[in-house]
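K.L.:
Pasting the sequence and the predicted model now:
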Amino acid sequence: MSRIVVTGIGVISAIGNTVAENRTALQEGKCGITALSLFPSKYAGLMPFGEIKISTEELQKKLNATERGVTRTSLLALHAFAEAIADSQLTNDEITAFDTALIGASTVGGMCLTDELYHDANKNEGGSAYLSSYDFASVNIYLQERYKMSGIVNTINTACSSSANAIMYGARLIKSGRAKRAIVGGVDCLAKFTINGFNALHILSSDICTPFDEQRKGLNLGEGAAFLVLEREEDVIAKNVYAVVSGYCNANDSFHPSSLSDEGDGPYLSMKGALETANITVGDISFINAHGTATENNDAVESKAMIRLFDRVPPFASTKSNTGHTLGAAGAIEAVYSILNLTHQEIYPGLNCKNPIAATGLQPVKIYQKRPLQHIMSNSFGFGGNCTSLIFSTT
């Protein structure tokens, strides 16, 4: 059976507009969580966010995205998508081929325009330029039309595990012979829809988040996008190969609409299943990019699940302390970071954890390290207990 490899990556986040900028920021322990300066919200002065400091108008100009009704969500997706396909050196014939799949993910899509959506829903006249953008699939439809793609196109929304599931689904499409290559990833921009929703759940922190700290107060929302190009190993002899997508699993503990079960059944099963898919043991994992939202429930449960599964918990950290929680983009952004771990044989520090959770005693990596790495696990856990773990391995 063919191995699935990563031949291209692209990312934009609060800590960088390219893969190279993101890597430098991670090495330096840079935090991109700041006060809002571009997004209009009544919480702008009350809470920090992982905001990308490029205006929507600047993105439109930079990307030559002059189409009517294009949202910031689609622009961020286009930015990361373009970097990934250029990095993979995909030709136009390959992009438009029937056997090239596009699997994208998001939690809000075009509903980032919350005010416009509200006004359009209450109008009797024709509506704004953004009517077609409110469709959840609008981001992938935009990419499909712009690049004239003719293969399988699908959109996944499983909350915070969305783009991890997009990566898994793309790999399975290739494994099953339904696609020769897959461009997979996710995107979310800041939106009143999500800011108000998470605030109603009382899980937004008024300070910069502190994943796995005993005194953690909650998460910081962020925005970003990332895409990966997946191909069969035998098709990429002359290409640069970053990593192998060696393991993946999705599990659902069906415990609560917005919380994981106390014993971490979903996280435990997703990590265990990913190990089984990769045909490796717990001792083979070199590092874990943890979901690590800095909420009371997630960090305690993820810690318990790691202790439950691993004889000795590997080094781990959460890069949400750098970028904020990017929701549907998180799985793909952190997959790119995991690939950077492997490519450069380096571990990036988790930020802001002063005192580990007393009940578990697990301490995330606190300093930048160069060390041998072979298998990286990346966790993404969503609302409703939808949990996905990915494993990337050296070639």
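P.N.:
Received, thanks. Every value quoted in this text rests on a predicted model; they were computed, and no experiment measured them.

K.L.:
name the helices or strands packed onto the one helix or strand in the chain whose mean pLDDT sits lowest?
P.N.:
Among the helical and strand segments of the chain, the one scoring lowest on mean pLDDT, DSSP states H and E is helix 114-121, with a mean of 71. Helices and strands touching helix 114-121, as assessed by 3 or more Cβ pairs under 8 Å, 6 or more residues apart in numbering; DSSP states H and E, comprise helix 192-200. To be clear about C-beta, it is placed using only N, CA and C from the backbone, and glycine gets the same treatment.

K.L.:
and the helix it packs on, what's its mean pLDDT?
P.N.:
Helix 192-200 shows a mean pLDDT of 89 in the predicted model.

K.L.:
Can I get the least confident helix or strand of the chain as CSV, trimmed to CA atoms?
P.N.:
The C-alpha trace of helix 114-121 is given here as CSV (Å, rounded to 0.1, in the frame of the first residue of the first chain):
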residue,chain,number,x,y,z
THR,A,114,-22.2,38.4,11.1
ASP,A,115,-23.6,41.9,10.7
GLU,A,116,-24.1,41.6,7.0
LEU,A,117,-25.8,38.3,7.5
TYR,A,118,-28.2,39.8,10.0
HIS,A,119,-29.1,42.7,7.8
ASP,A,120,-29.6,40.5,4.7
ALA,A,121,-31.8,38.2,6.7
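
K.L.:
Dump the helix or strand where Lys62 lies to CSV, keeping only the CA atoms.
P.N.:
Using DSSP states H and E, Lys62 maps to helix 56-63. C-alpha atoms of helix 56-63 as CSV (Å, rounded to 0.1, in the frame of the first residue of the first chain):
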residue,chain,number,x,y,z
THR,A,56,-9.1,42.5,4.4
GLU,A,57,-8.5,45.3,1.8
GLU,A,58,-4.7,44.6,1.8
LEU,A,59,-5.4,40.9,1.4
GLN,A,60,-7.7,41.6,-1.6
LYS,A,61,-5.0,43.7,-3.3
LYS,A,62,-2.2,41.3,-2.5
LEU,A,63,-4.1,38.3,-3.8
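
K.L.:
tell me the secondary structure for Val184?
P.N.:
strand (DSSP: H, G, I helix; E, B strand; the rest coil).

K.L.:
That one and Phe227 touch, don't they?
P.N.:
Yes: with contact defined as Cβ atoms under 8 Å, Val184 reaches Phe227; the gap is 6.7 Å.

K.L.:
Now list whatever residues contact both of the two.
P.N.:
Gly104, Ala332 (Cβ atoms under 8 Å, 6 or more residues apart in numbering).

K.L.:
residues near Leu63, how many?
P.N.:
16 (other Cβ atoms under 10 Å).

K.L.:
Next, work out how far apart it and Asn250 are.
P.N.:
According to Cβ to Cβ, to the nearest Å, Leu63 and Asn250 sit 32 Å apart.

K.L.:
Going toward the C-terminus from the least confident helix or strand of the chain, what's the next helix or strand?
P.N.:
For helix 114-121, the succeeding helix or strand toward the C-terminus, using DSSP H and E, is helix 138-147.

K.L.:
for this structure, which spans come out with low pLDDT?
P.N.:
Scanning the chain for pLDDT under 70 picks out 1, 114, 117, 124-126, 129-131, 258.

K.L.:
biggest helix in it by residues?
P.N.:
Ranked by residue count, the top helix of the chain under DSSP state H comes out as helix 72-88.

K.L.:
Just the buried residues of that one, please?
P.N.:
Buried residues in helix 72-88, counted by 16 or more other Cβ atoms under 10 Å: 72-85, 87-88.

K.L.:
so Ile85 makes contact with Ile183?
P.N.:
Yes: look at Ile85 against Ile183 with Cβ under 8 Å: they come within range, at 6.6 Å.

K.L.:
what do those two both touch?
P.N.:
Contact criterion Cβ under 8 Å, 6+ apart; residues shared by Ile85 and Ile183: Phe227, Val229.

K.L.:
and the helix or strand hosting Lys272, what does it pack onto?
P.N.:
Lys272 is part of helix 265-278, with elements assigned from DSSP H and E. Secondary-structure packing of helix 265-278 (3+ Cβ pairs under 8 Å, 6+ apart): strand 243-252, helix 296-309, strand 375-382, strand 386-393.

K.L.:
Now tell me what touches it from outside.
P.N.:
Helix 265-278 has contacts (Cβ under 8 Å, 6+ apart) with 246-253, 255, 260, 281-282, 284-285, 291, 301-302, 305-306, 308-309, 375, 377, 379, 381, 385-391, 393.

K.L.:
still on that earlier bit, quick one: buried residues of the helix holding Lys62?
P.N.:
Buried positions in helix 56-63, judged by neighbour count with 16+ other Cβ under 10 Å: Thr56, Leu59, Gln60, Leu63.

K.L.:
How far off centre is that helix?
P.N.:
22 Å (Cα atoms, centre = their mean, to the nearest Å).

K.L.:
and the direction of that helix versus that of helix 72-88, what angle?
P.N.:
For helix 56-63 against helix 72-88, the angle by axes from the mean of the first three to the mean of the last three Cα atoms, to 10 degrees is 30 degrees.

K.L.:
Check which helices and strands helix 56-63 sits against.
P.N.:
Identification of packing neighbours for helix 56-63 by 3+ Cβ pairs under 8 Å, 6+ apart yields helix 72-88.

K.L.:
Just the CA trace of the helix it packs on, in PDB.
P.N.:
Only the C-alpha atoms of helix 72-88 are listed here, as PDB (Å, rounded to 0.1, in the frame of the first residue of the first chain):
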ATOM      1  CA  ARG A  72     -11.900  37.500   4.700                       C
ATOM      2  CA  THR A  73     -12.300  33.700   5.400                       C
ATOM      3  CA  SER A  74     -11.900  33.000   1.700                       C
ATOM      4  CA  LEU A  75      -9.000  35.400   1.400                       C
ATOM      5  CA  LEU A  76      -7.000  33.700   4.200                       C
ATOM      6  CA  ALA A  77      -7.700  30.300   2.700                       C
ATOM      7  CA  LEU A  78      -6.500  31.500  -0.700                       C
ATOM      8  CA  HIS A  79      -3.300  32.900   0.800                       C
ATOM      9  CA  ALA A  80      -2.400  29.600   2.500                       C
ATOM     10  CA  PHE A  81      -3.700  27.500  -0.500                       C
ATOM     11  CA  ALA A  82      -1.500  29.500  -2.900                       C
ATOM     12  CA  GLU A  83       1.600  29.000  -0.800                       C
ATOM     13  CA  ALA A  84       1.000  25.200  -0.500                       C
ATOM     14  CA  ILE A  85       0.500  24.500  -4.200                       C
ATOM     15  CA  ALA A  86       3.500  26.700  -5.100                       C
ATOM     16  CA  ASP A  87       5.600  24.800  -2.600                       C
ATOM     17  CA  SER A  88       4.500  21.500  -4.000                       C
END
